[in-house]
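Colleague: I'll drop the sequence and a predicted model, then ask my questions.
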Amino acid sequence: MEDHGEEVAADFREALQDLTTNARFEIVTLTNIARENADHGLAISEVLTNHIKEAPASKTLPALYVLDSIVKNVPTPYALYFGPKLYQIFMGSYTKVDNATRRKMDEMLKTWKEPVAGSISKKPVFPLELVRPIENALLAARNAYMEQAKFQTHLMRGRPAGPPARDTPTPPMGRAYQPPPPPPHGQPPYQGPPNGQYPPPGEQAYPMRSGNTPNGVPNHATPPQPPPSAEPYAHYQPPPNQGPYGVPPAPGINIDKLKDDIQQLIELDRAGFAQNMHDASKQNRLKALLDLQKVVQSQNLPQEQLMIISDQVAKLAVNMRAAQAQPPPSYPPALPPPYNTHTPTPPVVTQQFAPPPVAAAAPPPSVLPQLPAVLAAALGRPASNVAPLPVAAAPPPPVRPATTAGGAASGTLSLDAILGQGALAALLAAKKPATPQQSSTAPVPPAAAVPPALAALRSPPQQAAPFQPPPAPPVAQQQPPAAAANPLTQNPSALLAMLRQSGLLGGTPGVPTLPPAIPSLPPPDPNIITLTPSSLKFPRLHLLSYLLDHLGPPCSQCGRRFPITEEGRKKKTQHMDWHFRVHQRVAGAEQRGQHRSQFVSELDWIQSHEEPDVDYNAPSGGGGSGDGDGSESDDNDWSAAVKGGRRKKNEKKKRWITAPDEGDGTGTGTNKVCPICQEKFQSRYLEEVQDWVWMDAVVVGSGQGRRVFHGTCWDEVNTGGGGGGQGQGTMVMLGNSNNKRKMEEDGGGEGEEEVRGGIKRLMR
Amino acid sequence: MSIPGLGHISAQQASLPSTRTLTLHPFSEWRFQISPTSTATCRLLSGTAERDGTELAQTKTYNITRCRSKIVTFTGATLEITGEFESEHVKHYPHSADSPFVAYLNLHFLLQARRSQSSSGSGHGPRVMICGPPASGKSSLAKMLIGWATRQGEQPVLATVDPRDGMLALPGTLSAAVFATVMDVEDPEGGVGVGCTPSSGPSAVPVKLPVGYYFGRERVEDDEGLWKDLVRRLGSSVRAKTGGDQGVRRGGVVVDTPAVEVRKGEVKVKGEDGEEERERGGGVEGLMHVIREFAVNIVIVLGSPDLEAELRRRDRKTPLGEPIEIVNLDKPDGVVEQDRQHLLSSRKALIKDYFFGDSKRALSPSVQSFSFDDVVIFRAVDAMDLDDPNQVLERAEISEEMSHWTLAVMDASVNDPLETIRQAPVIGWVCVSDVDKDRRRLKILSTVSGRLTRPMVWGRWPEPYVNLLG
């Protein structure tokens, strides 16, 4: 099975190269891959070692965290494999990273001297004799420096010397990385503290669901529930630090990932169970979950069944992302927080309002009658007759029998309920950084478990001062119909209710998840400002809105705003796609090595056209021009723009096509010699598009009649016939067919540049 | 025992970056200065804030280094800041009407109204020239006007004819570019540094594509003739650009100019060396030249009524027949003239960014060895021994003296007339890293590997960067 080992190693290497942030999710996935492929542990450890050695400074830390995570979760055999190289790995990385990262590495190093948190084994992660030399080396280097410059504060001394490291089995990243759940055989971490000491997040999320009918109290006001999974953590989650790319898209049917997700659910449920042992429903759910895990792990389920299970899980991940995407507009600059407006709050809000301390503190008077119900719900005494929720009502049928076989005793409990609970998994993933570890020394008061929610609640008053431009500028008064046309802007509570119904709003009164209501401003009167000092100095603050809210909510990546119109939405989608593609490509480009491009010539600059977020897609058809397959060059806006511009001016300028791959179907139908001059096309690598291309080639026709020609040959034939040539095409004619060879041979490293030169020569 | 790379650990440790939250009232500014060796982060927690006209994204962490800049809010904002600053403070105005930004914003909305009007007329948006004495906030205002216009979907051209600036180019270059996309908030130069120009790889912030002409001197008065020629070239390129692209035409042009000082009653300022009376920054004549070449129809004078009066005296119409409007705005307080040391270090940082990239993208330049005969290097002749008016450049003698200098690679052929080469646009720069006179070879650092077939020009500024390869 050596081949298999190589394959695994190659996959692992690829996955590592995509790892650019400390995304917990990715680290967990990599850890799981390592776990599954422990047979090929040596190969994997080598790949990881080399990756850490070669990775640029920015990627070193995530890679080290992968090592950390693997070693802590799959000590056998990985601790053995990494052990001998530990010194080199650590010191090699230490010298290349910046000081902030070094501190993280120091923290990590500390944890290596201790047993894995939550593990039964009392053996340290790495034997002390491996960690010591590293510490000594670091100390020596520091001392050497300190003797030189008499700085007293010191990395090691600056910190308490003892247990704190136990708080962080792996360094807390503030971002997303969190030590993955301990292996199934390990002790679940949450059983240590006394019951009820602190509610883990699941505890808070759970009652929300059951709160619909807590203890049978009917709740008339509850409208049809939007997908519950999206709601609960909408208000848990302070605007996340990580962009949407922190969480990679859920893969189709990745059994590892599925198992991991189920594992998370189990962890969470265990924690809840440990806290409230008398809760039969919890016990049942946990049991059912364990059964599900058993089924998934032990049996070879058919793909479609896995698909359904993983679909449910993936949906949760997607929902989580959606919920994360929501917060950004949640700090409307010009709007006071909703509860300052004394808008009667729809009762549904109360249901979302789970964390007890918060619930007691914040609800507006109108919801007081419901408070007992909320508190009951929050205290974790849900009724056992949970009504299935809309989302949960779509169970994965094929799996159901398998699970109920195990969980039949639980009666009303079904897998749907569990998967409905998947919100917890998502919540757990999002919330984990705040979850106290078992080894945490200080007992955590209940309130400490909900800081994000509290923070979110507290933040609005802090920004209660937001400057609000006069909403109705004098000009606006002349056009009241514009405002009246949209009743929503007149009635904020109606807008709120609608948004909530559509599931866009988390719906907690304290959390300002309200996107700024866009006043429909008329265009400013062009003549109100004159170019005189006095007119320019007169404050017209209402105009500010044209630079801010009027433009729509900003992009979370770069702050660019897009209007809430059909077109604006389309543009924003395009824009986000662009961000996504760039993000993906940045990693790849780093490996390949990039260089500053040369500036373009005057003519190219004049003809270039800036088009934000638009990738260049060659328009199809047109005499002499390619049909553009494979010619998207979206890695780099300007080159696309330049080409787009050139294309508009002069179609003759695009002179390459992506070299057809002979391996797949696309290559088979393509001729390899130019039908005109009978010379073969030469493949070469074009930096600009980062792909193999045929230079000076054009595609003519499509389908069966599709032929590739040398651009110069084609031009010669066509302009000679007086047909396709247009304007500058004739000038191309002035060159002779040697141009083509020239363009191909000139190349070398300066490809892009020479091509431009070639084009330019042709132009003259 | 010492391990390479561990040198500065304690120094950094001494001042652990502390996280602070900063609450800004509407129309207040957070001004800061960060040394080239440290990095600070800034995150917008709530409200809205912007740097040089470009809005900060909510909750995104921006890394800022090596700059003296400010973050402004018009609606109030909460910022989370980490890192160490050479200096920083919050400038708060008791009345928002006192803020210079009121006038700047009004100016923007006025320009925006003109852009709307232009659609029905000639199609030409406003061409704005910003001028004033040193340290009057010219470049800042230019960047803000561009940033705001871009936010509203316009595609204006930013041009700089101040050789010290090096907008999207190395210092010593006059350049212009269309701004249609978000500017880089993290860029030390506020989105117009050379780090924002295209590289072969992708960029998380859209790159800007400039056209530039190499002046190779620090001050306009060092070679006023060349400066005027290059302004003309730049002006005609921009005109061609606006002529061919409707969106750019509507967006108009903002021109940033070298500092010009006019003292009461006297137009001319004594040259620093005192030997000859010369006008600093090309003087008012220089500005009039810019006005002509860029068909400027709005002149913003910052904090110099005398300069305004002087320009008014020569008031005339643009080539398009529009009247030239001139307005003097107060110079904002708090603009400090950058000290030489700071300017020098940021010039060096720009050169480094150009070849090696910034923190966001590492570039791999190449060092190659060439024979003296492989390269063609010109140098401007000194005005002293100028006998033949056409002899504007001469082949430079390659010597050790050339080491560490940055040379401009011109978009021309070595056989072109000297005047053509001199006024050709720059396509890049190389740095001479080593000259071996005995073996007649020199080592050159360039962005891409390959032969150097283009003529290169050895300017007299910016100064050599000795430790570039380090």
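Modeller: All right, it came through fine. Numbers count the residues shown, from 1 in each chain, chains lettered A, B, ... in the order given.
Colleague: any weak-confidence spans in the stretch 251-400 of chain B?
Modeller: Counting by pLDDT under 70, the stretch 251-400 of chain B contains low-confidence ranges at B:263-282, B:315, B:383-390.
Colleague: name the residue of it that lies nearest to chain A.
Modeller: Nearest residue of the stretch 251-400 of chain B to chain A, counting by CB to the nearest CB: residue B:364, 4.4 Å away. (Glycine included, C-beta is placed from N, CA and C.)
Colleague: how many other residues sit next to that residue?
Modeller: Per other CB atoms under 10 Å in any protein chain shown, the neighbour tally for residue B:364 reads 16.
Colleague: just give the nearest non-adjacent residue to it, would you?
Modeller: Among residues not flanking residue B:364 along the chain, residue A:593 sits closest, at 4.4 Å (CB to CB, 6 or more residues apart in numbering or on different chains).
Colleague: ok so, going back, surely the residue of the stretch 251-400 of chain B closest to chain A touches residue A:591?
Modeller: No: in this structure, residue B:364 is not within contact of residue A:591 by CB atoms under 8 Å, at 11.1 Å.
Colleague: count of residues packed around the residue nearest to residue B:364?
Modeller: Neighbours of residue A:593 (other CB under 10 Å): 13.
Colleague: cool, residue B:399 as well?
Modeller: The number of residues near residue B:399, taken as other CB under 10 Å, comes to 10.
Colleague: next one: residue B:333
Modeller: There are 10 residues near residue B:333, going by other CB under 10 Å.
Colleague: do residue B:86 as well
Modeller: Counted with other CB under 10 Å, residue B:86 comes out at 11.
Colleague: next, the residue lying closest to it once chain neighbours are set aside: secondary structure please.
Modeller: Using CB to CB, 6+ apart and skipping the chain neighbours, the partner closest in space to residue B:86 is residue B:33 (4.4 Å). In three-state terms, and counting by DSSP: H, G, I helix; E, B strand; the rest coil, residue B:33 is strand.
Colleague: ok, residue B:33 to chain A distance?
Modeller: 20 Å (CB to the nearest CB, to the nearest Å).
Colleague: sorry, back to before: report the contact partners of the residue of the stretch 251-400 of chain B closest to chain A.
Modeller: A:593-595 (CB atoms under 8 Å, 6 or more residues apart in numbering or on different chains).
Colleague: distance of it from residue B:437?
Modeller: 29 Å (CB to CB, to the nearest Å).
Colleague: does residue A:135 really touch residue A:110, like I thought?
Modeller: No: counting by CB under 8 Å, residue A:135 sits too far from residue A:110 to count as a contact (9.1 Å).
Colleague: in what helix or strand does residue A:600 lie?
Modeller: Secondary structure assignment for residue A:600, by DSSP states H and E: no helix or strand.
Colleague: give me the phi and psi angles of it.
Modeller: phi -90, psi 170 (degrees, to the nearest 10).
Colleague: pLDDT value on it, please?
Modeller: If you check residue A:600, the pLDDT there is 90.
Colleague: for it, give its distance to residue B:406.
Modeller: In terms of CB to CB, residue A:600 sits 20 Å off from residue B:406.
Colleague: now do the contacts for residue B:361.
Modeller: A:586, A:589-590, A:594, B:199, B:201, B:203.
Colleague: by pLDDT, give me the weakest of those.
Modeller: residue A:590 (72).
Colleague: what about it, which SS state?
Modeller: Going by three-state DSSP: residue A:590 is helix.
Colleague: was I right about it contacting residue B:199?
Modeller: No: using CB under 8 Å as the test, residue A:590 is too far from residue B:199 to be in contact (11.4 Å).
Colleague: the residue of the stretch 251-400 of chain B closest to chain A and residue A:590, how far apart?
Modeller: 10 Å.
Colleague: which parts of the stretch 551-700 of chain A are strands?
Modeller: A:656-658, A:683-686, A:691-695, A:697-700 (DSSP state E, counting those that start in this stretch).
Colleague: mean confidence (pLDDT) on the shortest one, please.
Modeller: Here strand A:656-658 scores 75 as its mean pLDDT.
Colleague: and what of the last one?
Modeller: For strand A:697-700, the mean per-residue pLDDT is 77.
Colleague: remind me what that strand packs against, helices and strands.
Modeller: Here strand A:697-700 touches strand A:656-658, strand A:707-710, helix A:711-720, going by 3 or more CB pairs under 8 Å, 6 or more residues apart in numbering or on different chains; DSSP states H and E.
Colleague: any buried residues in stretch B:249-264, and which?
Modeller: B:249-262 (16 or more other CB atoms under 10 Å in any protein chain shown).
Colleague: ugh, typo on my part, it should be stretch A:582-598
Modeller: Here stretch A:582-598 shows A:582-583, A:585-586, A:589-590, A:594-598 as buried, counting by 16+ other CB under 10 Å.
Colleague: okay if I get these as CSV plus distance to chain B?
Modeller: Converted to CSV, the buried residues of stretch A:582-598 look like this (distance: CB to the nearest CB, whole Å):
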residue, distance to chain B
A:582, 5
A:583, 7
A:585, 4
A:586, 5
A:589, 3
A:590, 7
A:594, 3
A:595, 5
A:596, 4
A:597, 4
A:598, 4
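Colleague: quick one: residues contacting residue A:596.
Modeller: Residue A:596 makes contacts with B:197-200, B:354-355, B:357, B:363, B:365, B:428, B:447-448, as judged by CB under 8 Å, 6+ apart.
Colleague: and the strands in the stretch 351-470 of chain B?
Modeller: Under DSSP E, counting those that start in this stretch, the stretch 351-470 of chain B gives strands at B:366-371, B:377-380, B:393-395, B:406-410, B:426-436, B:441-446, B:456-458.
Colleague: hey, which of the ones you listed is tucked in deepest?
Modeller: strand B:406-410 (a mean of 25; mean count of other CB atoms under 10 Å in any protein chain shown).
Colleague: chain center to that one: distance?
Modeller: 17 Å (CA atoms, centre = their mean, to the nearest Å).
Colleague: next, the angle from that strand to strand B:426-436.
Modeller: 130 degrees (axes from the mean of the first three to the mean of the last three CA atoms, to 10 degrees).
Colleague: what angle do strand B:441-446 and strand B:406-410 make with each other?
Modeller: 70 degrees.
Colleague: mean confidence for strand B:406-410?
Modeller: Here the average pLDDT along strand B:406-410 is 95.
Colleague: tell me what it is packed against?
Modeller: strand B:426-436, strand B:456-458.
Colleague: which residues sit against that strand?
Modeller: In contact with strand B:406-410 (CB under 8 Å, 6+ apart) are residues A:598, B:170, B:172-173, B:214, B:216, B:351, B:377, B:421, B:424-432, B:452, B:454-459, B:462, B:464-465.
Colleague: strand partners of it, parallel vs antiparallel please.
Modeller: strand B:426-436 (antiparallel), strand B:456-458 (antiparallel) (DSSP bridges).
Colleague: and of these, who's closest to residue A:260?
Modeller: strand B:426-436 (49.3 Å; CB to CB).
Colleague: quick one: the helices in the stretch 1-150 of chain A?
Modeller: A:2-17, A:24-36, A:41-54, A:57-73, A:75-82, A:86-96, A:99-112, A:128-148 (DSSP state H, counting those that start in this stretch).
Colleague: for the fourth one, buried residues please.
Modeller: When you say that, I think you mean helix A:57-73. Buried, per 16+ other CB under 10 Å, within helix A:57-73: A:58-73.
Colleague: returning to what we had before: want to try TSV for the contacts of residue B:361, with distance to residue B:120 as columns?
Modeller: Conversion of the contacts of residue B:361 to TSV gives the following (distance: CB to CB, whole Å):
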residue	distance to residue B:120
A:586	43
A:589	45
A:590	49
A:594	45
B:199	41
B:201	43
B:203	37
